[in-house]
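Undergrad: Build the 3D model from these lines:
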Amino acid sequence: MDDLLDQGAAEAEHFVDRVGAHFAGRRPQLRQLAGWLDDETSHSLTVVTGSPGVGKSALLGAVVCSAHPRLVEVVPHVRTRLQAQEPDGCPSVVPHMAAVHARRRRSMEVINSIADQLRLSEPPNGWSADAIITALSKLGERPVIVLDALDEAVDSASIAKGLLLKLARAKYGPKHPARASRSAGSSSGCGRGPTCAICTTWPLRTTDSSTWTQWTGWNCRPI
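TA: Numbers count the residues shown, from 1 in each chain. Here you go, the predicted structure:
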């Protein structure tokens with residue numbers, strides 16, 4: 001997979017493997033994710049939840065392979081198939097996208113992978129959650145970060161609280177309406193646009209769902 005492949009080869013292979021050669025179905029979920037990705041004013045954090053083995057990673061694989069500019073070139077059949085089966089479920093190609101497989105990885109590994117894939121210039125003091133938020137806020141277009149298998153990371157809590165939530169709450173750019181969505185409802189107000197759009201997966205067993213809510217203050221439900 002050539003050039004993605006200079007920046008995030010393991011990630012590329014993971015998402016391509018998950019979507020496989022014959023991904024089909026999940027049309028309502030694809031429409032939701034495609035609409036979210038294409039809406040610049042949408043809330044900045046979406047959590048794909050469901051029982052273990054239900055196909056969360058395959059769904060993210062379909063989204064990544066149809067929206068990542070380099071993967072669209074490498075596996076064009078995924079985007080072609082989505083456009084044929086559900087045009088509204090095929091997102092636009094995202095100029096700046098980082099897709100990370102978090103299994104067995106630590107927070108700094110995730111941060112470094114995001115920085116490498118988005119070709120961000122490392123600051124003098126190295127990367128940190130605050131440093132990457134600052135770098136992302138200076139990009140001309142809102143990037144998209146997709147993180148699979150958050151619950152399988154070495155330090156899931158640190159990634160969720162110390163990185164994802166900070167990114168989700170960071171703002172940039174001219175003022176326009178922005179939403180923060182929770183399963184209990186949504187609120188809207190005038191603020192600055194989100195620094196990035198983040199999509200991650202989380203299992204929906206009772207204990208796991210409670211852990212996510214404890215970390216973030218947000219409830220999660222299947223999309």
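
Undergrad: Tell me which stretches of this protein form helices.
TA: Here the chain has its helices, by DSSP state H, at 9-19, 27-38, 56-67, 69-74, 76-85, 107-117, 129-137, 156-159, 165-169, 206-216.

Undergrad: Report the contact partners of Asn112.
TA: By Cβ atoms under 8 Å, 6 or more residues apart in numbering, the contact list for Asn112 reads Trp127. No exception for glycine: its C-beta is placed from N, CA and C like everyone else's.

Undergrad: got JSON lines for the helices of the chain, with mean pLDDT too?
TA: Formatted as JSON lines, these follow (pLDDT from 0 to 100):
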{"stretch": "helix 9-19", "mean pLDDT": "71"}
{"stretch": "helix 27-38", "mean pLDDT": "87"}
{"stretch": "helix 56-67", "mean pLDDT": "88"}
{"stretch": "helix 69-74", "mean pLDDT": "88"}
{"stretch": "helix 76-85", "mean pLDDT": "87"}
{"stretch": "helix 107-117", "mean pLDDT": "94"}
{"stretch": "helix 129-137", "mean pLDDT": "92"}
{"stretch": "helix 156-159", "mean pLDDT": "90"}
{"stretch": "helix 165-169", "mean pLDDT": "85"}
{"stretch": "helix 206-216", "mean pLDDT": "56"}
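
Undergrad: from those helices, which stretch is densest packed?
TA: helix 56-67 (a mean of 25; mean count of other Cβ atoms under 10 Å).

Undergrad: what's the distance between the spatially most central residue of the chain and Pro124?
TA: Note on the chain: the residue nearest the mean C-alpha position is Val146, at 2.2 Å, using Cα atoms, centre = their mean. To Pro124, Val146 is 29 Å away according to Cβ to Cβ, to the nearest Å.

Undergrad: likewise Ser51?
TA: Distance of Ser51 to Pro124, given as Cβ to Cβ: 45 Å.

Undergrad: Which one's more surrounded, the two?
TA: Neighbour count, other Cβ atoms under 10 Å: between Ser51 and Pro124, Ser51 has more, with 12 against 5.

Undergrad: Hmm, that one is touching Trp202, no?
TA: No. Contact criterion Cβ atoms under 8 Å: Ser51 and Trp202 do not qualify, at 11.2 Å.

Undergrad: hmm, who's touching stretch 142-150?
TA: Under Cβ under 8 Å, 6+ apart, the answer for stretch 142-150 is 14-15, 18, 37, 40, 56-57, 60, 63-64, 67, 94, 96-103, 110, 114, 118, 136, 156, 159-160, 164, 167, 193-202.
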